[in-house]
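**Student:** What follows is a predicted protein model with its sequence.
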Amino acid sequence: IAGCCGWVTIYPFDVLRSRVISTAHIEGGLSPLAAARACYCEHGLGGFYRGLRMTLLRAAPVASVVLPVYDLCVGAMTSGAL
């Protein structure tokens, strides 16, 4: 649940980051403020959360794999198996 709350909070900034990076090849690109304006004008407030549903759906499976793999790796490194 904490991971989902984190994504909901940070997701608009991730959308803006993606927009800024995707326009970097254009001379000057978009500033973060210009990207926010463009996103809002094109899609409204919901534009800042486009794709969030899929991100939240993948959060649980990713977390259920990452933590056990991390624990396995830490255990192997501390026991000298690696």
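**Tutor:** Nice, I can see it. All values reported here derive from a predicted model rather than from experimental measurement.
**Student:** C-alpha only now, for contacts and for neighbours.
**Tutor:** Will do.
**Student:** quick one: residue 52 from residue 59, how far?
**Tutor:** Plainly put, residue 52 is 10 Å away from residue 59 if you go by Cα to Cα, to the nearest Å.
**Student:** typo on my end, residue 44
**Tutor:** From residue 44 over to residue 59 the distance is 25 Å, taken as Cα to Cα.
**Student:** In terms of neighbours, single out the busier of these two.
**Tutor:** Each of residue 44 and residue 59 has its neighbours counted (other Cα atoms under 10 Å); residue 59 has more, 15 against 12.
**Student:** Find me the pLDDT at that one, would you?
**Tutor:** On pLDDT, residue 59 comes in at 85.
**Student:** same thing with residue 79?
**Tutor:** Looking at residue 79, its pLDDT is 88.
**Student:** now swap in residue 2 and tell me
**Tutor:** 79.
**Student:** Low-confidence ranges, the chain, go.
**Tutor:** Along the chain, segments meeting pLDDT under 70 span 82.
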